[in-house]
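Participant: Sequence first, then the predicted structure, then my questions.
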Number of protein chains: 2
Amino acid sequence: MPPRKATSDVFHAIADANRRTLLGFLAQKARPVGECAKELGITYAAVSQHLSVLHEVGLVERKSLGRQRYYRTRFEPLQEVYDWTVAYRPFWQNRLDALGNYLDKEEDSE
Amino acid sequence: MPPRKATSDVFHAIADANRRTLLGFLAQKARPVGECAKELGITYAAVSQHLSVLHEVGLVERKSLGRQRYYRTRFEPLQEVYDWTVAYRPFWQNRLDALGNYLDKEEDSE
DNA sequence: ACAATATTTAAGTATATACCTAAATATCAT
DNA sequence: ATGATATTTAGGTATATACTTAAATATTGT
């Protein structure tokens, strides 16, 4: 398989740090692209592309107001990520999981 | 910024579907590379590379036994992902978030 | 219609990804 | 040591990423 597009699923979409920052920035309040660009310190074009990715996976909604386009985070798709991590939650807490006991607890061999 | 390596953080590491499958496969029981390759239907080499990425971010531990190398998932680093999603949990549930009311609730404009 | 503002799209660059095949390394059994 | 088995590393391919700059597309005010 060739590398998959960031637009193909939520996990890919949130892999980028700038996109995660955007989701936080747009959580409380819808904002136009220009403000996002200022926040991230990159060009309008780059922000526009990131927002486009987020929009394709449903992580932001947008609304044109005048000549500006307001974006706001929609968190619903994150539930998939939450669910995936939570499924493994039992493992974070007690280290005594179902590992066959032919392996002991030493450090990794390099 | 150029694209970041998958080894740079957990979010990147779990973006790939095959790597997520591996984490599930290696959750309960440590297994050698060969079994993983059979499970995923790709070559040893490809699996070895994926496991190497997961190891670099601490998502698997490994242990050599004889000529095999057993890998097992370590879920601790997933807590970062969990925490990030959970921080936004209030938003999934009630749609009445702090959006300024100059935007209404219609569908997105395309 | 015209200029200014806000955003998107197009085209380009350097680097990373997700594989593969083939060669290299490690371990075990003889 | 020799050969078989298990895994990693090296080298290669096609495609994707994360930007950039410049051109194209709204939208608004005059």
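Facilitator: In hand now; what should we look at?
Participant: what about chain A, any weak spots by pLDDT?
Facilitator: For chain A, residues meeting the criterion pLDDT under 70 lie at A:93-110.
Participant: What residues does it have near DNA strand C?
Facilitator: Applying C-beta under 7 Å from any atom of the strand, we find that chain A lies next to DNA strand C at A:1-4, A:32-34, A:44-45, A:47-49, A:51-52, A:62, A:67-69. Placement of C-beta: from N, CA and C, glycine included.
Participant: cutoff 10 Å now
Facilitator: A:1-4, A:11-12, A:15, A:31-38, A:43-52, A:55, A:62, A:64-71, A:109 (C-beta under 10 Å from any atom of the strand).
Participant: which residues sit in contact with the most centrally placed residue in chain A?
Facilitator: Compute the mean C-alpha point of chain A, and by C-alpha atoms, centre = their mean the closest residue is A:I14, 2.1 Å away. With contact set as C-beta atoms under 8 Å, 6 or more residues apart in numbering or on different chains, A:I14 has these partners: A:20, A:23, A:59, A:78, A:81, B:11, B:15.
Participant: Leaving aside the residues adjacent along the chain, what's closest to the first one?
Facilitator: The spatial neighbour of A:R20 that comes closest, neighbours along the chain excluded (C-beta to C-beta, 6 or more residues apart in numbering or on different chains), is A:I14 at 5.7 Å.
Participant: do you know how far that neighbour is from DNA strand D?
Facilitator: Here A:I14 is placed at a distance of 10 Å from DNA strand D (C-beta to the nearest atom of the strand, to the nearest Å).
Participant: Helices along chain A, start to end?
Facilitator: Taking DSSP state H, the helices of chain A run over residues A:10-13, A:17-25, A:33-40, A:44-56, A:78-87, A:89-93.
Participant: Tell me which of those sits most buried.
Facilitator: helix A:10-13 (a mean of 22; mean count of other C-beta atoms under 10 Å in any protein chain shown).
Participant: Get me the contact residues on chain A for DNA strand D.
Facilitator: Residues of chain A lying near DNA strand D (C-beta under 10 Å from any atom of the strand): A:1-8, A:12-13, A:15-19, A:21-22, A:37, A:40-50, A:53, A:64-69, A:110.
Participant: Near chain B, list only the ones from these.
Facilitator: Contacts with chain B within the residues of chain A next to DNA strand D, as defined by C-beta under 8 Å from any C-beta of the partner chain: A:1, A:4, A:12, A:15-18, A:64-65.
Participant: Take the residues you listed and lay them out in a markdown table including distance to B:F91.
Facilitator: Converted to a markdown table, these look like this (distance: C-beta to C-beta, whole Å):
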| residue | distance to B:F91 |
| --- | --- |
| A:M1 | 33 |
| A:R4 | 27 |
| A:H12 | 21 |
| A:A15 | 20 |
| A:D16 | 20 |
| A:A17 | 20 |
| A:N18 | 20 |
| A:S64 | 23 |
| A:L65 | 22 |
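Participant: Before I go, just wanted to say thanks for your time.
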